[in-house]
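S.K.: model this:
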Amino acid sequence: MIRLADELFEATRTLVPVAPLRDRVLDLTLDDAYMIQSRQLERHLAGGRILAGRKVGLTSPAMQRQLGVDSPDFGYFFADMVHRDDDAVPAGDFISPKVEPEFGFVLQETLQGPGVTLEQARAAIGAVYPAIEIIDSRIADWDIKLLDTVADNASCGAIAVGTTALPVSVEDLTSVTCSLLIDGEVRETGTGDAVMGDPVAPLAWLANVLGEQGVALEAGQLILPGSFTRALPVVAGESATAHFGDLGSLTIRFI
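M.R.: Numbering: from 1, shown residues only. Sure thing, here's the model as predicted:
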């Protein structure tokens with residue numbers, strides 16, 4: 001497992017993808033995949049990178065259908081992976097990037113599972129921001145199943161988060177509509193209830209899964225709970241917008 005983790009770590013640095021892991025280790029388990037992910041996290045932290053937050057993926061039916069899986073996963077991101085509204089994002093920093101519109105939860109309280117309830121998760125959210133996750137795969141040709149993407153940090157490439165919080169109550173997130181625009185054209189639209197029925201549910205799920213490992217979600221961290229829609233590919237010269245109607249929006253430009 002250490003060898004596979006080190007391969008993915010190097011692929012993150014060199015942008016040279018590796019072959020699907022599931023074809024190379026036929027008895028690979030989900031625990032193995034998360035062990036591979038954790039090994040990379042340890043190496044990044046040892047190298048001085050700063051953990052900024054966590055992401056939950058594969059929470060919407062659209063994304064589960066797109067990747068042929070039936071369960072969520074999670075990963076992490078560092079401070080140097082966070083972009084802001086109207087940032088110019090180098091497409092060359094990724095292998096084959098795609099974008100997803102999401103909420104971004106900034107925690108005002110630490111969440112320590114197991115046993116975190118939806119009510120506790122809601123109370124821990126200090127602010128809700130517009131966000132975009134840029135997913136990318138260190139697995140060649142996006143040829144992934146659940147074990148591959150889990151090992152590959154849940155296919156996280158980078159994130160973008162707005163500078164102004166959305167004026168919305170946490171209790172109303174299920175009814176919020178968000179559209180994903182590419183170059184100003186609406187390409188996908190979804191509502192908050194597409195994210196595991198309630199966008200707060202992935203937050204509670206993540207707190208409980210990590211809690212079983214003795215890891216807490218810390219106050220001040222940013223958590224992305226999953227996409228409203230399926231992911232769309234982007235290339236240099238295109239812009240991507242997560243548009244939350246009258247609540248606000250977030251745009252990034254790929255160069």
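S.K.: quick one: what helix or strand has the residue nearest the centre of the chain in it?
M.R.: Centroid-nearest residue in the chain, with C-alpha atoms, centre = their mean: Lys55, separated by 3.8 Å. Take DSSP states H and E as the rule and Lys55 turns out to sit in strand 51-57.
S.K.: tell me the mean pLDDT over that strand?
M.R.: Averaging pLDDT along strand 51-57 yields 96.
S.K.: which parts of that strand are buried?
M.R.: 52-57 (16 or more other C-beta atoms under 10 Å). No exception for glycine: its C-beta is placed from N, CA and C like everyone else's.
S.K.: Including distance to Asp152, could these go into CSV?
M.R.: Output for the buried residues of strand 51-57, formatted as CSV (distance: C-beta to C-beta, whole Å):
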residue, distance to Asp152
Ala52, 19
Gly53, 18
Arg54, 15
Lys55, 13
Val56, 15
Gly57, 11
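S.K.: any idea how far Ser227 is from Phe74?
M.R.: 14 Å (C-beta to C-beta, to the nearest Å).
S.K.: Tell me which stretches of this structure form helices.
M.R.: Here the chain has its helices, by DSSP state H, at 2-14, 30-46, 61-67, 118-124, 146-151, 200-211.
S.K.: What is the first one packed up against?
M.R.: The elements that helix 2-14 packs onto, with contact taken as 3 or more C-beta pairs under 8 Å, 6 or more residues apart in numbering; DSSP states H and E, are helix 30-46, helix 146-151.
S.K.: Highest mean neighbour count out of the helices of the chain?
M.R.: Of all these, helix 146-151 carries the top mean neighbour count, a mean of 26, counting by mean count of other C-beta atoms under 10 Å.
S.K.: Just the residues contacting it, thanks.
M.R.: With contacts defined as C-beta atoms under 8 Å, 6 or more residues apart in numbering, helix 146-151 is touched by 4-5, 8, 20-22, 28-30, 32-34, 36-37, 57-58, 67, 69, 71, 73, 75, 137, 139, 155.
S.K.: Over to stretch 155-169?
M.R.: The contact list for stretch 155-169 (C-beta under 8 Å, 6+ apart) reads 53, 55, 57, 75-77, 81-85, 87, 89, 93-94, 97, 103-104, 127-137, 144, 149, 176, 222, 224, 244, 247-250, 252.
S.K.: Mark which of the residues you listed are buried, thanks.
M.R.: Going by neighbour count (16+ other C-beta under 10 Å), the contacts of stretch 155-169 have 53, 55, 57, 75-77, 81-83, 85, 89, 94, 97, 103-104, 128-137, 144, 149, 176, 222, 224, 244, 247-250, 252 buried.
S.K.: Keep only those of those that are in strands.
M.R.: 53, 55, 57, 75-77, 82-83, 89, 103-104, 128-135, 222, 224, 249-250, 252 (DSSP state E).
S.K.: Surely Asp193 and Thr174 touch.
M.R.: Yes. Asp193 lies in contact with Thr174 (C-beta atoms under 8 Å); the separation is 4.2 Å.
S.K.: re the thing from before, ok, which of the helices of the chain comes nearest Leu217?
M.R.: helix 200-211 (5.3 Å; C-beta to C-beta).
S.K.: thinking again about what came up before, for the strand holding Lys55, which helices and strands make contact with it?
M.R.: strand 73-78, strand 125-135, strand 156-161, helix 200-211, strand 222-224.
S.K.: Redo those as a markdown table? Include distance to Val235 and mean pLDDT.
M.R.: Putting those into a markdown table (distance: least, C-beta to C-beta, whole Å; pLDDT from 0 to 100) gives the following:
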| stretch | distance to Val235 | mean pLDDT |
| --- | --- | --- |
| strand 73-78 | 22 | 97 |
| strand 125-135 | 12 | 98 |
| strand 156-161 | 14 | 98 |
| helix 200-211 | 29 | 96 |
| strand 222-224 | 23 | 98 |
